[in-house]
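*Asks:* Using only what follows, build the 3D model:
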Amino acid sequence: SDVGMYVSFDTGQSWEVLGEGLPILPIGDIKIHPTENFLVAGTYGRSMYKIDLNLVTDVVNDQPQIVNEFLLSQNYPNPFNPTTKISWQAPISGHQTIKVYDITGKEIVTLVDEYKSAGKHEIKFDASFLSSGVYLYKLKTENYSETRKMVVLK
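*Replies:* Below is the predicted model:
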């Protein structure tokens, strides 16, 4: 649509961007496949888009709480296969990114790239597409950056 596609995992209390990078087009129909867990959006006479709802992340917990400092927690479990949870907190609202890198510093995937309210946040990361090894994940805001290691063990 003209404002993008959003999804809520908490019955509409908060919304996250879904399908970032889609063109601005009027959507004629949206369906979620009940067993394969993907979303299909059809536009008026132009295209059809399929979005895997399990691809990278989903919001597990996103509650505004009063926090006094930035903190990127160690993922849990670690080592893991194939999913882990990454938690962080921010004392102020603002644009936040969490990216995953391989041990050489090559960017693998962006998990978060959006405005977030102050408070504690948590996402689930599905690394089933990665090989065993050591990876880095980095929280970056306008005034803060922190990196931690995680281990995929298959």
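*Asks:* Report the central residue of the protein.
*Replies:* For the chain, residue 111 is the residue whose C-alpha lies nearest the centre (Cα atoms, centre = their mean; 3.6 Å).
*Asks:* wouldn't that one be in contact with residue 85 here?
*Replies:* No. Residue 111 lies out of contact with residue 85 (Cβ atoms under 8 Å); the separation is 11.3 Å. No exception for glycine: its C-beta is placed from N, CA and C like everyone else's.
*Asks:* pLDDT weak spots in the protein?
*Replies:* In the predicted model, the chain carries pLDDT under 70 at residues 1-12, 16-27, 34, 44-46, 48-49, 52-65.
*Asks:* Could you list the domains of it?
*Replies:* 5-52, 57-152 (automatic domain parsing).
*Asks:* Overlap of the contact sets of residue 111 and residue 85?
*Replies:* Residues touching both residue 111 and residue 85 (Cβ atoms under 8 Å, 6 or more residues apart in numbering): 123, 125.
*Asks:* Which stretches in the chain count as helices?
*Replies:* With DSSP state H as the criterion, the chain has no helices.
*Asks:* The nearest residue to residue 105 once chain neighbours are set aside and residue 124, how far apart?
*Replies:* Leaving out its chain neighbours, the residue that sits closest to residue 105 by Cβ to Cβ, 6 or more residues apart in numbering is residue 136, at 7.7 Å. According to Cβ to Cβ, to the nearest Å, residue 136 stands 18 Å off from residue 124.
*Asks:* what's the answer for residue 14, then?
*Replies:* Per Cβ to Cβ, residue 14 is found 16 Å from residue 124.
*Asks:* now do residue 33
*Replies:* 20 Å.
*Asks:* So the two - more neighbours on which side?
*Replies:* Using other Cβ atoms under 10 Å as the criterion, residue 33 and residue 124 rank with residue 124 on top: 16 against 11.
*Asks:* Let me know whether that one touches residue 82 as I believe.
*Replies:* No. Here residue 124 lies out of contact with residue 82, judged by Cβ under 8 Å, at a distance of 10.5 Å.
*Asks:* and residue 148, how many neighbours does it have?
*Replies:* The burial count for residue 148: 16, using other Cβ under 10 Å.
*Asks:* Was I right to think it contacts residue 137?
*Replies:* Yes. Applying Cβ under 8 Å, one finds residue 148 in contact with residue 137, separated by 5.9 Å.
*Asks:* who touches both of these two?
*Replies:* With Cβ under 8 Å, 6+ apart as the test, residue 148 and residue 137 both reach 72, 75.
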